[in-house]
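*Asks:* quick one, fold the following:
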Amino acid sequence: MFSNSNHTAALRNVEYKKQIFQIRNQFFPFLLSDVKKWKTTDSDIRFTTANDGDRFLAKWLQNRKFSVESEKVLEKGREIYQYFFENLNQIRNKKFEIASWDIGWWQIRNSLRDVYLGETLFEEIKILHNVLKNKLLPQIYSYGFIK
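*Replies:* Numbering: from 1, shown residues only. Reported below is the predicted structural model:
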């Protein structure tokens, strides 16, 4: 979810073969009810939360047990998402096609970095991500995924 190789995005009003499509980000990790509680400095983005629903990943994550390392990554990710919403008024939304609440991790990372925001948060999640990676890598061999 929070890897640099995650290129998820949500796009609105994408024209293809004379049709208009709304591309929802089904890998948005948090419930819409949580997002509605966060401070959002862009009223247009806040408006997109009305009459919408949770995304696949947010529902899938509910009521699952995670390791301590996974929980720390997830909580730091939540912190970054909240920080993003709090700072939307400083972000170049058009440049990153940010037009709805279910923005992708690629959009968040790049739009914040574009205006030099959240650098410490991204360093912190990278450290936590590496701790989780180091825990998981040995299990790849013990479970026979790689021989």
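*Asks:* isn't residue 80 right next to residue 123, touching?
*Replies:* No: the criterion here is CB atoms under 8 Å, and residue 80 misses it with residue 123 at 11.1 Å. (Each C-beta comes from the backbone N, C-alpha and C, glycine too.)
*Asks:* show me the contacts for the residue nearest the centre of the chain.
*Replies:* Centre of the chain computed as the mean C-alpha position; nearest residue by CA atoms, centre = their mean is residue 105, 3.9 Å away. Residues near residue 105 by CB atoms under 8 Å, 6 or more residues apart in numbering: 1, 2, 6, 7, 8, 27.
*Asks:* out of those, who's the most crowded?
*Replies:* Note: the member of the contacts of residue 105 with the most neighbours is residue 2, at 20 neighbours, neighbours being other CB atoms under 10 Å.
*Asks:* OK, contacts around that one?
*Replies:* Under the criterion of CB under 8 Å, 6+ apart, the contact list for residue 2 reads 73, 76, 77, 80, 105, 125, 129.
*Asks:* residue 105 versus that one, what's the distance?
*Replies:* 6 Å (CB to CB, to the nearest Å).
*Asks:* all strands of the chain, in order?
*Replies:* Residue ranges of the strands in the chain, as given by DSSP state E, are 11-16, 19-23.
*Asks:* of all the ones you listed, which lies closest to residue 117?
*Replies:* The closest of those to residue 117 is strand 11-16. By CB to CB, the value is 22.1 Å.
*Asks:* what's the average pLDDT for the closest one?
*Replies:* For strand 11-16, the per-residue pLDDT values average out at 94.
*Asks:* for that strand, name the packing helices and strands.
*Replies:* Contact partners of strand 11-16 among helices and strands, from 3 or more CB pairs under 8 Å, 6 or more residues apart in numbering; DSSP states H and E: strand 19-23.
*Asks:* and the strand it packs on, which residues are buried?
*Replies:* Burial within strand 19-23, assessed by neighbour count using 16 or more other CB atoms under 10 Å, is assigned to no residue.
*Asks:* so what are the sheet partners of that strand and their directions?
*Replies:* Partners of strand 19-23 in the sheet, by DSSP bridges, are strand 11-16 (antiparallel).
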